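Engineer: Sequence first, then the predicted structure, then my questions.
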Amino acid sequence: MVDGQKTPGLIGYVAPLSATPGGTLEFKVSSQGNRPVAARGLRLICCDPNPAGPGVKTEAADFGLAESYPASEQQAHLGSCAFGQISDLSDFASARIGLMVQPTLFSERAQTVFSLQNAGGTAGVATIVRGGMLFLQQLGTGRVFDVGLGMAQDRWSRLEVTFEFDGFSVVVSEGRPGGDQSKRASFSDVTSAVLVGADHICFAAVWRGHPEQTFNGALENPAVRARRPESSAWDVIAGWNFGGDAREVWVEDETRRGRRLSLINMPMRAVRSSAWSGRNQDWKQAPQDYAAIRFHSDDLSDCAWETTIRMDVPEGVRSGVYGLEIDNGASKDTIPFYVTPGERTKRQRIVFLAPTFTYMAYANFARGNFAGDLAERGAGWNAYPHNPDEVGAYGYSTYSRHPDGTGVTLSSRLRPIMTMRPNYLVYFDANGSGMRHFPADSHLTDWLEEKGFSFDVITDEDLDRDGLAALSPYDVVLTGTHPEYHTRRTMEALIAYREAGGNLMYLGGNGFYWKIGRNDDMPHLIEVRRAEGGMRVWASQPGEYYHQLDGDYGGLWRRNGIPPQAVAGVGFTAEGGFEGSYYVRTAASYAEYLAFLFDGISSDERIGDFGLSGGGAAGFEIDQAATDLGTPEFATIVAFSEGHGPSFHTTFEELLLPGVFDGAPRAHGGISANIVYGKSDTGGGLFAVGSITFCGSLSHNNYDNNVSRLLENCLRRFLADG
């Protein structure tokens, strides 16, 4: 149980998310009561538990698993900190630590600013803040001393704590030291004797093998000074520049090169420090303005669980979407993973690009909508039972806020991701299933299976690593329903693939929208800085638009030189409730060279006025073509949606003022999704549907419907052109 919330009886994660035949996957499992687990491999075909749909479909997959595995109950320890070794303070008569502090959340819970401690946190002393007041906590004894001085929330203060042989003193100065607002308190209750054995320091927590009493706020450029017996000189024995290279997971001690603080659970770097004036915006150009690290009590970059099941992917296993089903007798879980083609794998002609970066961006998004109808529906449909509204043990998404109200910028796959589970429901959808992301993308893979299309699978992470080489073996690349988050390497690879003659089928909406940061040394993390514009649940602070993971400018791809239209022909233009409408054909779609697209579809019928996602193929988040933003000249709008309800609104970046559009007039603009098709002079093909809910319509009427027919007609033509 964490913070009064539920804890699943069985849950886990896999590292990495994908492997080729011959590769290895490690499953890290927490089993309540240390119950052993049985495991079996499944190929995941359809992950929709809606009884009105095609139903959940899986196939057994042989991965050479044992009958049972010993397992233990493992905990996730939230909260970031900086921990490392310093000189043993036992050798000094006096010690003083000074740093700038900006608390961002006050509560009655103890939050550690810093602890001078031994390696295990059983001895030493911690300076904590509780309810806005400072206290000194003697580790190992539980004794707490009220300093009687307060700190201001959301403001920078200089904190200096000194330990002498006859007592300790604390000085708090608002802003820079030396001003008229310095406050001082001295006590004889605790002396420097409390520092005997203290040879480590931890910022923002007490370290006891994991962070405890974690802090919410920013700390800047701390230093430790000490004085030896019989000496009046204070020597700097440790000091750290928190404005160093934000791409690192450590901070070097400037007094002894090679001695470092380790950053646990990856706090937020590349943030404004007390010196920031607004004159500089890039932390790389002005590190003195960004000499701070921001810590949060719910940061989580790596659960660091022990491996429960180590699985070698056998040679000959087909590429696809899989799951490891685990069972401890009291609970079950299915942990998704991907098998990607190996060097000796015969490639299929079609590849599905799994949008795993988007899955990570939304990982464990607590929407506050689970109680009531959605929970009851989930139980009735035997859907995935756990929801971040009730389970907060494994961190949240980049759509969430930290306890101090700041946006979550980092997301990790080295933790259980409840939202990336088969049969996970997001909304109580009166007209459908209410699924998004991983399970919603199974509407497409299920359709491919039903129609007899063989396909491979690669992930965003594979594409970011391998670039164009990951796509070039294929005649057709299919996206998922919502490939929203991308790196420059993935965007450029998709464009290069299409320009080299490949066929791209973008089968979702609001794709290629946000730029993310990544670091090859930390492939499990993605970063989002929500800069300037866009449809945002929170906004990055001014001056904090550059990523810490790679140093690049963040925000919308539209503001970073590659609008979505330049990749897929259409880009995000409007959103509304989780509801769907339909498409109608354009006059241009009746051109003779486009007749094959609508073969079997009558000229006057509505396309997609049905479906398992909001009840229609065009809905929720929708995209349009825009030549001024990069829609290729060879692309033709063949259909557009209509009939959207009053919940739909134009996206902010499309507007200069309410009702005043930023860009050229569009033939099929307004609140409307566009379907585009085209072939370039190089032979590259483009098909985009401009709607998140499109694939939810594919299985209607036993897969015999105009949405299914339209997609099949296009896919078969691209394969014929191969």
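Structural biologist: Received it, and whenever you're ready, just let me know what you need.

Engineer: the longest strand in this structure is where?
Structural biologist: If you go by DSSP state E, the chain has its longest strand at strand 571-585.

Engineer: Put the alpha carbons of it into CSV.
Structural biologist: Coordinates of each C-alpha in strand 571-585 appear next as CSV, following Å, rounded to 0.1, in the frame of the first residue of the first chain:
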residue,chain,number,x,y,z
GLY,A,571,-1.6,17.6,-38.9
PHE,A,572,-3.5,18.2,-35.7
THR,A,573,-6.2,20.8,-36.1
ALA,A,574,-9.1,20.1,-33.7
GLU,A,575,-10.1,18.0,-30.7
GLY,A,576,-13.3,17.3,-28.7
GLY,A,577,-14.8,14.6,-26.6
PHE,A,578,-14.2,10.9,-27.1
GLU,A,579,-16.8,10.7,-29.8
GLY,A,580,-16.7,9.9,-33.5
SER,A,581,-18.4,11.1,-36.7
TYR,A,582,-18.1,10.1,-40.3
TYR,A,583,-16.4,11.1,-43.6
VAL,A,584,-17.8,12.0,-46.9
ARG,A,585,-16.0,12.0,-50.2
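
Engineer: And that strand, what's buried?
Structural biologist: Residues of strand 571-585 classed as buried by neighbour count (16 or more other CB atoms under 10 Å): 571-576, 578-585. Heads up, the C-betas are built off the backbone N, CA and C, glycines and all.

Engineer: Report the rounded mean pLDDT for that strand.
Structural biologist: In this model, strand 571-585 carries a mean pLDDT of 98.

Engineer: how distant is it from the center of its chain?
Structural biologist: A distance of 25 Å separates the C-alpha centroid of strand 571-585 from that of its chain, computed with CA atoms, centre = their mean, to the nearest Å.

Engineer: Stretch 556-568 too?
Structural biologist: Using CA atoms, centre = their mean, the offset of stretch 556-568 from its chain centre is 20 Å.

Engineer: Over to stretch 161-178?
Structural biologist: Mean-position distance between stretch 161-178 and its chain equals 40 Å (CA atoms, centre = their mean).

Engineer: remind me which residues of the protein are low pLDDT?
Structural biologist: Within the chain, the ranges that satisfy pLDDT under 70 run 1-4, 175-180.

Engineer: Domain ranges for it, per the record?
Structural biologist: If you go by automatic domain parsing, the domain ranges for the chain are 10-76+303-339, 81-295, 350-721.

Engineer: end-to-end on the last one?
Structural biologist: It refers to domain 350-721. With CA to CA, to the nearest Å as the measure, domain 350-721 spans 13 Å from end to end.

Engineer: How about the contacts made by residue 85?
Structural biologist: Shown in contact with residue 85 (CB atoms under 8 Å, 6 or more residues apart in numbering): 199-200, 259.

Engineer: Figure out the helix or strand that residue 668 lives in.
Structural biologist: Assessed by DSSP states H and E, residue 668 sits outside every helix and strand.

Engineer: which one of the domains of the chain is the most hemmed in?
Structural biologist: domain 350-721 (a mean of 21; mean count of other CB atoms under 10 Å).

Engineer: hmm, back to that, quick one: which of the buried residues of strand 571-585 is nearest residue 35?
Structural biologist: Of all those, residue 35 sits closest to residue 578, with 37.5 Å by CB to CB.

Engineer: which stretches of the stretch 501-650 of the chain form helices?
Structural biologist: 564-568 (DSSP state H, counting those that start in this stretch).

Engineer: and what of the chain?
Structural biologist: Along the chain, counting by DSSP state H, helices occupy 356-361, 373-381, 437-451, 460-466, 488-499, 564-568, 700-703, 706-721.

Engineer: can I get these in JSON lines with distance to residue 673?
Structural biologist: Listed next are the helices of the chain as JSON lines, based on distance: least, CB to CB, whole Å:
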{"stretch": "helix 356-361", "distance to residue 673": "19"}
{"stretch": "helix 373-381", "distance to residue 673": "26"}
{"stretch": "helix 437-451", "distance to residue 673": "16"}
{"stretch": "helix 460-466", "distance to residue 673": "23"}
{"stretch": "helix 488-499", "distance to residue 673": "20"}
{"stretch": "helix 564-568", "distance to residue 673": "13"}
{"stretch": "helix 700-703", "distance to residue 673": "18"}
{"stretch": "helix 706-721", "distance to residue 673": "13"}
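
Engineer: what's the closest of those to residue 402?
Structural biologist: Of all the helices of the chain, helix 356-361 sits nearest to residue 402, with 15.8 Å by CB to CB.

Engineer: Keeping just the C-alphas, turn that closest one into PDB.
Structural biologist: What follows is helix 356-361, C-alpha atoms only, in PDB (Å, rounded to 0.1, in the frame of the first residue of the first chain):
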ATOM      1  CA  THR A 356       6.000   3.300 -27.800                       C
ATOM      2  CA  PHE A 357       7.200   6.800 -27.200                       C
ATOM      3  CA  THR A 358       3.600   7.900 -27.100                       C
ATOM      4  CA  TYR A 359       2.700   5.000 -24.800                       C
ATOM      5  CA  MET A 360       5.500   6.200 -22.500                       C
ATOM      6  CA  ALA A 361       4.300   9.800 -22.600                       C
END
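
Engineer: residues contacting the closest residue to residue 347 other than its chain neighbours?
Structural biologist: The shortest distance from residue 347 to any non-neighbouring residue, by CB to CB, 6 or more residues apart in numbering, is to residue 473 (4.4 Å). Contact analysis of residue 473 by CB under 8 Å, 6+ apart lists 341, 347, 351.

Engineer: Can you name the residues bridging to the last one?
Structural biologist: Under DSSP bridges, the beta-bridge partners of residue 351 are residue 456, residue 477.

Engineer: That one touches residue 475, doesn't it?
Structural biologist: No: applying CB atoms under 8 Å as the test, residue 351 and residue 475 come out as separate, 9.0 Å apart.
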